[in-house]
Each structure stands twice: as C-alpha cells, then as structure tokens.
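In: Here is a sequence with its predicted model. Questions after.
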Amino acid sequence: MAGVDRFERSLTADDPPETATFVLDLRELTFIDSSGLRALVTADQRVRDEGGRFIVVKGPDRVNEVLEITGVAKRIELVDEPPAG
C-alpha cells in the first residue's frame, strides 16, 4: 500500500510520449493487495490509451498467483524477464 501512491504519482507526473514503453519489475515485490492490483490495471489502461506499452515483469510465485487468481494477469502484459534495452 505504501508504494501505490508513489507508483501512481510517477505515472501521472508527466504526460508520457505517445510511443512510450513502461516496464514495471515485480521481481522484488513480496506482497500485492487490491490497491496494487488496481494501480496495475489503471496504469496499463492509461499507458495504452496514450498509445504506449505497459510491460510487467513477473514477481515471486506468491505475487503471480494473486495476479492469476484475480484475472489481472489476463489484462496486462506479463513477461518473465525485462526486455533488452
């Protein structure tokens, strides 16, 4: 919960360029709750609405299970490793 506000502020601080790619790395995340899930879905939608791409690097099994169970994993682009570059 503590990180959600900071995460949301970082996405809304500046308008992203239309072709921006945002990568969110969850590999060190130990817990995600409904606030975090909402932030992921909202960020994904905002970036895509602006013509960009929002990529989420999978986290630990516990975090990934929450993404799967809630259906968020089907709504966002999840990858095993961060893209090169």
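Out: Everything's here; your move. Numbering: from 1, shown residues only.

In: hey, let's count contacts and neighbours off CA atoms from now on
Out: Will do.

In: Sticking with Leu29, tell me its helix or strand.
Out: Assigned by DSSP states H and E, Leu29 belongs to no helix or strand.

In: The residue nearest to it when sequence neighbours are not counted and Gly51: what is the separation?
Out: Excluding the flanking residues, the one nearest Leu29 by C-alpha to C-alpha, 6 or more residues apart in numbering is Gly59, at 6.3 Å. Applying C-alpha to C-alpha, to the nearest Å, the value for Gly59 to Gly51 is 25 Å.

In: more neighbours, those two?
Out: Gly59 (21 against 15; other C-alpha atoms under 10 Å).

In: circling back: now do the contacts for the residue nearest to Leu29.
Out: Neighbour list for Gly59: Asp25, Leu26, Arg27, Glu28, Leu29 [criterion: C-alpha atoms under 8 Å, 6 or more residues apart in numbering].

In: which residues does Thr21 contact?
Out: Gly52, Arg53, Phe54, Ile55.

In: and if we set it to 7 Å?
Out: Thr21 is in contact with Gly52, Arg53, Phe54, counting by C-alpha atoms under 7 Å, 6 or more residues apart in numbering.
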